[in-house]
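Enquirer: Okay, here's the prediction I keep looking at, along with the sequence it came from:
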Amino acid sequence: MTREQIDSLEVNGRNPVLMANLVPGTRGGTLASLSFNFSQGPSNINGARIPESLITYDGAPAVRTRSNGTSLGAADVDSTQEIQILTTNYAPEFGRSSGGQIRIVSKAGSQKFHGALYEYARNTIFNANPWLRNANPATSRITAPIHYNQFGYNIGGPFYIPDKFNTDKSRIFWYWGQEWVRYVFTDTNTMTVPTLKMRTGDFSELLDPNNTFYGKTVQIIDPKTGLPFPGNIIPAPGAVTSRPGSSVPTSGRHADRSSRDLPAWSAPATALPLRTGLPGRSVASTARSPWDLLHNRTAVAQ
């Protein structure tokens, strides 16, 4: 793939190694998925396993053999001159791998100084709320926060000393490029948690054969008597019950332990689950600091 082809294609995350997916014989991965970090590129090249393929930067091997073939670095698109994808029957000079090879060649300087400064930004204020969030009353009016900034620079030119060395600027050139990514996003996770009634020991909702937890009737058994709790309600801590055929009272210690474990579960965030229309769903969101996903890409100087 030439520089002109690289310029004309859009890559989500601007990671050039993923462009190898465009070659026949490659499988796995998609250019639509966001990937700016270390990557293996295609999952398979002509059926070979991932560790059997090779990624090189300017001829230097750049794969982690103990990490299933993941690349050691991630080149930025602006500093990439050419991408070579070797799938089969390549010359012995390349060697080393029994699968395919992805060879990334970086840019070189020229007789004139050239440089660029750029930034690609995504922000909450630019985004519309997707259909799934609009379908949920808890998030229908809230756009998922996202702050994505991918910025960098590159500069290159001749290496010379006026009237002393390389005066015609035709022998030695240099190139330098760097890129950073700052990504702040929100993960939305839907999980099943005990309802407010269950948190008080009332599991009567499980008697409904269409309940959202099991989809069938489930009775809570008293481990001390071996019989179901009446109404599927566990006695409160300290409540007195009796074994069948015995006048010896017992206490609800099992309920006491359950009440201690419940704080580990988050309370339901919505009155209705996202799909089934019954209680018991919770939506949890977490955000990362920009510095948690700060990546620095440095091109090879020539």
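Expert: In hand now; what should we look at?
Enquirer: Break down the stretch 51-200 of the chain into its helices, ranges please.
Expert: Under the criterion DSSP state H, counting those that start in this stretch, the stretch 51-200 of the chain contains helices at 131-135.
Enquirer: Poorly predicted segments of it, please.
Expert: 66-69, 187-189 (pLDDT under 70).
Enquirer: Just give the closest residue to residue 56, not the sequence neighbours.
Expert: In space, and not counting its chain neighbours, residue 56 is closest to residue 103: 5.0 Å by CB to CB, 6 or more residues apart in numbering. Where you see a C-beta, it was placed from the backbone N, CA and C, and this is true even at glycine.
Enquirer: now residue 219
Expert: residue 228 (4.2 Å).
Enquirer: Hmm, residue 218 and that neighbour touching each other?
Expert: No - counting by CB atoms under 8 Å, residue 228 sits too far from residue 218 to count as a contact (10.0 Å).
Enquirer: Just want to know which of these two has more residues nearby.
Expert: residue 218 (17 against 13; other CB atoms under 10 Å).
Enquirer: For residue 73, see how far away the residue lying closest to residue 17 once chain neighbours are set aside is.
Expert: Spatial nearest neighbour of residue 17, excluding adjacent residues (CB to CB, 6+ apart): residue 41 at 4.4 Å. From residue 41 over to residue 73 the distance is 13 Å, taken as CB to CB, to the nearest Å.
Enquirer: before we move on, what about residue 154?
Expert: Here residue 154 is placed at a distance of 16 Å from residue 73 (CB to CB).
Enquirer: cool, residue 148 as well?
Expert: Distance of residue 148 to residue 73, computed by CB to CB: 20 Å.
Enquirer: Residue 38 too?
Expert: As judged by CB to CB, residue 38 and residue 73 stand 7 Å apart.
Enquirer: got it, and residue 61?
Expert: Distance from residue 61 to residue 73, by CB to CB: 11 Å.
Enquirer: List the strands paired with the longest strand seen in the chain, with their directions.
Expert: Counting residues, the longest strand found in the chain (DSSP state E) is strand 173-192. Looking at strand 173-192 with DSSP bridges, its partner strands are strand 146-158 (antiparallel), strand 281-287 (antiparallel), strand 295-298 (antiparallel).
Enquirer: Return the distance of it from the chain's centre.
Expert: 10 Å (CA atoms, centre = their mean, to the nearest Å).
Enquirer: quick one: buried residues of that strand?
Expert: Buried residues in strand 173-192, counted by 16 or more other CB atoms under 10 Å: 173, 175, 176, 177, 179, 180, 181, 182, 183, 184.
Enquirer: do stretch 48-66 as well
Expert: 48, 50, 51, 53, 54, 55, 56, 57, 62, 63.
Enquirer: which other residues reach it?
Expert: Stretch 48-66 has contacts (CB atoms under 8 Å, 6 or more residues apart in numbering) with 17, 40-45, 68-73, 75, 96-106, 300, 302.
Enquirer: chain center to it: distance?
Expert: Centroid displacement of stretch 48-66 relative to its chain, using CA atoms, centre = their mean, is 22 Å.
Enquirer: Likewise for stretch 122-133?
Expert: In terms of CA atoms, centre = their mean, the gap separating the centre of stretch 122-133 from the centre of its chain is 18 Å.
Enquirer: Ok, stretch 142-153 next?
Expert: A distance of 15 Å separates the centroid of the chain from that of stretch 142-153, by CA atoms, centre = their mean.
Enquirer: do stretch 225-232 as well
Expert: In this view, stretch 225-232 has its centroid 45 Å away from the chain centroid, taken as CA atoms, centre = their mean.
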